[in-house]
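Q: Quick check, what structure comes out for this input:
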Amino acid sequence: MIITNNEKVYDKYKDKTNIIFVQGGFKDVLVKTRDKIHEGHELLTHPLSSSVKPNETPFKSVMISDDKRSLNLDSLYIIENSIMTYDNFSKHKFGMMTDQITEDFKLIDLTVLESALNI
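A: From the prediction side, this is the model:
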């Protein structure tokens, strides 16, 4: 399952895999991912993967298991720490972005996700 706020990711994978589109920002994706982990899903990709810092991009895609099991404490630890890291970085917000910069960040997020998928 993919949790994303990136339209490029959603449009490309909506017919291929279970995907949740989050209306909101980077932190909203992290919070939705945490909620799913509490339901028994496990992280398949790290929520802070890539060299782009959380305060540098508004887009994020995270892969989690489709199936539910018991609460995975490793996944919970990683997502909780990712949210705390986001909160620390978010004190330094990114500035206004042009449409081209926004599209570039969407493409970066898609590329990072696809590297995890080995596409």
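Q: can you tell me which residue is nearest the centre of this protein?
A: residue 61 (3.0 Å; CA atoms, centre = their mean).
Q: Return the distance of that residue relative to residue 39.
A: Using CB to CB, to the nearest Å, residue 61 is found at 19 Å from residue 39. C-beta coordinates here come from the backbone N, C-alpha and C atoms, glycine included.
Q: how about the helices in this protein?
A: 7-13, 26-38, 73-89, 99-117 (DSSP state H).
Q: Could you pull out the buried residues of the last one?
A: Going back to what we said before, that points to helix 99-117. For helix 99-117, the neighbour count (16 or more other CB atoms under 10 Å) marks 105, 106, 108, 109, 110, 112, 113 as buried.
Q: how far out from the middle of the chain is the lowest-mean-pLDDT helix or strand in the chain?
A: Of all the helices and strands that make up the chain, helix 99-117 has the lowest average by mean pLDDT, DSSP states H and E, namely a mean of 91. Relative to the centre of its chain, helix 99-117 is centred 11 Å away, using CA atoms, centre = their mean, to the nearest Å.
Q: now do stretch 78-95
A: That offset, for stretch 78-95, works out to 13 Å (CA atoms, centre = their mean).
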